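Asker: Provided below for reference: sequence and predicted model.
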Amino acid sequence: MSLPTELVWAILHQIEDIQSLQSCSLASSHLRIPAQQALFTDFKIPTLRAAACDDFLRDAPHIVGYITSLRIELRVIDLSLEDTKTYGKQLTHILSRFGSVRQCYLDGSFDVPTLLVDNPFILSQLERLCPQELHIHRLRNIPSSLFQRLARIAPRLSFSTALLADHRASEKEYDVEQLNLWTLTDPICRFFANARLPQLVRLRLDVNADINVDAFKLVENCAETLQSLTFMYSPASGTHIPPRPLPILPTLLHVTFFLRFQDRGSSWFQETATAILSPSTAPSLRHATIAYIPTYTPFSCPPYIARDHLLPLLDAVLSRHPVRPRLRWVLNLITAHCQWEHANETAFNVFADGLKMGMPVMQRERRLEFEKVSSRK
């Protein structure tokens, strides 16, 4: 008895091993299409393999319909001028084969965007594809004119280790619904802090000394529409980041903090956390998450964590909140050896028990949640 097609597709999409999927695609015509769809959901165009990618899509045009995530390498620093022009033409031709993609990743490998500046047709093709998400990674010295076009390509934007060529602010309007800014210096954050973002509902910010002022100006800029806010607190060693006043966030439903375990006592984190969890700042808040990331392994949670100065402050603020938001504590532990599993489990139990003792009201009302995240080193 053969399985229903929907069940076959669901099973194959759970397989992560490429060789197994390749075997399935060759096993029978019944498995070929779902296996190929699982294989080619994510498609990468390397700088030195563009011709091979173009030939492959030409010979198997049906594969284009399976690709939802497209990764494009923009590093051309090691190419000659002639090879760079050739790659630009190849990339333009490859993109013309697509009708649409859901996600698009541009990876510059810390190179300047020469390819996009000298080949305007590439950018035109990206605009035509209308992806839902655009991720810019490791691209430096982006001209403002190019950046403004990139910022209009998709409603969900992500910039990681990306740098603008100048500090020119923008006061134009952008239809951005979600914005992720990771590992940045101030120009990009300032760009969006001065832009009009009437549809922004999800914001994720990497807070460091360079962008602290502009980061909070950006939060203020979209205070009326923001529903989800995430802070990645990442101060450089020995750097003090002063806390900034927060605006009223009437529509905020979720807030998340990521920080190193040893930074939990910083004035920035303690004052920002207590302020944003207050009903006077976020009257509609439903859920908060605080994720600690230990930087040494195996991690041993100190037993005195129950006496952390922050805990009674959070307990008092949240217990007075009329919406009764829940607070989830996350401990991200690194597991490199089997023998660390027991140590991590012990550390997590000490961590959870200490927080329950430090927040007795929230614990009594069963509004505390705990999660252990294990990641491989």
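Answerer: Received it, and whenever you're ready, just let me know what you need.
Asker: what distance separates the start and the end of stretch 39-56?
Answerer: The first residue of stretch 39-56 is 14 Å away from its last residue (C-alpha to C-alpha, to the nearest Å).
Asker: Pull the residues that contact that stretch.
Answerer: 18, 21-22, 25, 63, 66-76, 79, 87, 90-91, 93-94 (C-beta atoms under 8 Å, 6 or more residues apart in numbering). Backbone N, C-alpha and C define where each C-beta goes, glycine included.
Asker: In strands only, show me those.
Answerer: Counting by DSSP state E, the members of the contacts of stretch 39-56 that fall within strands are Ser69, Leu70, Arg71, Ile72, Glu73.
Asker: Can you lay out these as CSV showing distance to His287, pLDDT and neighbour count?
Answerer: As requested, the ones in strands among the contacts of stretch 39-56 are exported to CSV (distance: C-beta to C-beta, whole Å; pLDDT from 0 to 100; neighbours: other C-beta atoms under 10 Å):
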residue, distance to His287, pLDDT, neighbour count
Ser69, 28, 93, 17
Leu70, 33, 95, 21
Arg71, 32, 95, 16
Ile72, 36, 94, 22
Glu73, 38, 92, 21
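Asker: List just the nearest of those to Thr225.
Answerer: Thr225 lies nearest to Ser69 out of those, by C-beta to C-beta, at 27.5 Å.
Asker: Name the residues linked to the closest one by a beta bridge.
Answerer: Asp42, Gln103 (DSSP bridges).
Asker: Tell me who's in contact with it.
Answerer: Under the criterion of C-beta under 8 Å, 6+ apart, the contact list for Ser69 reads Thr41, Asp42, Phe43, Val101, Arg102, Gln103, Cys104, Tyr105.
Asker: Which secondary structure state does Tyr292 sit in?
Answerer: Using DSSP: H, G, I helix; E, B strand; the rest coil, the three-state assignment for Tyr292 comes out as strand.
Asker: And it, how close does it get to Asp206?
Answerer: For Tyr292, the distance to Asp206 equals 17 Å [C-beta to C-beta, to the nearest Å].
Asker: returning to that earlier point: buried subset of the contacts of Ser69?
Answerer: Phe43, Val101, Arg102, Gln103, Cys104, Tyr105 (16 or more other C-beta atoms under 10 Å).
Asker: Please identify which of those residues is nearest to Ser145.
Answerer: The shortest distance between Ser145 and any of the buried ones among the contacts of Ser69, using C-beta to C-beta, involves Cys104 and amounts to 19.6 Å.
Asker: check contacts around that closest one.
Answerer: Cys104 sits next to Ser69, Leu70, Arg71, Ile72, Leu126, Leu129, Pro131, Glu133, Leu134, His135, Ile153, Ala154 when contact means C-beta under 8 Å, 6+ apart.
Asker: Looking at these, which one is closest to Pro298?
Answerer: Taking these together and measuring to Pro298 by C-beta to C-beta, the closest member is His135, at 33.3 Å.
Asker: so that closest one is in which element?
Answerer: Assigned by DSSP states H and E, His135 belongs to strand 133-142.
Asker: same deal with Asn332?
Answerer: Asn332 is part of strand 326-335, with elements assigned from DSSP H and E.
Asker: just checking, next helix/strand downstream of that strand?
Answerer: Scanning onward from strand 326-335 (DSSP H and E), the first element met is helix 340-358.
Asker: ok, then the element right after that following helix?
Answerer: Counting by DSSP H and E, the element that comes right after helix 340-358 along the chain is helix 360-364.
Asker: Let me see the ranges of the strands in the stretch 151-300 of the chain.
Answerer: Using DSSP state E, counting those that start in this stretch, the strands of the stretch 151-300 of the chain run over residues 156-164, 178-182, 202-207, 228-233, 254-260, 287-293.
Asker: Now render these as a markdown table, adding mean neighbour count, mean pLDDT and distance to Thr274.
Answerer: Compiled in a markdown table, the strands of the stretch 151-300 of the chain are given as follows (neighbours: other C-beta atoms under 10 Å; pLDDT from 0 to 100; distance: least, C-beta to C-beta, whole Å):
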| stretch | mean neighbour count | mean pLDDT | distance to Thr274 |
| --- | --- | --- | --- |
| strand 156-164 | 20 | 90 | 29 |
| strand 178-182 | 20 | 93 | 24 |
| strand 202-207 | 22 | 93 | 16 |
| strand 228-233 | 20 | 95 | 14 |
| strand 254-260 | 19 | 96 | 11 |
| strand 287-293 | 19 | 95 | 11 |
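Asker: Name the stretch from those that approaches His321 most closely.
Answerer: Across those, His321 has its closest neighbour in strand 287-293 (9.8 Å, C-beta to C-beta).
Asker: That closest one - contacts with which helices or strands?
Answerer: Packed against strand 287-293 by the contact rule (3 or more C-beta pairs under 8 Å, 6 or more residues apart in numbering; DSSP states H and E) you find strand 254-260, strand 326-335.
Asker: Repeat the analysis, applying 10 Å as the threshold.
Answerer: Contact partners of strand 287-293 among helices and strands, from 3 or more C-beta pairs under 10 Å, 6 or more residues apart in numbering; DSSP states H and E: strand 228-233, strand 254-260, helix 267-276, helix 310-319, strand 326-335, strand 368-376.
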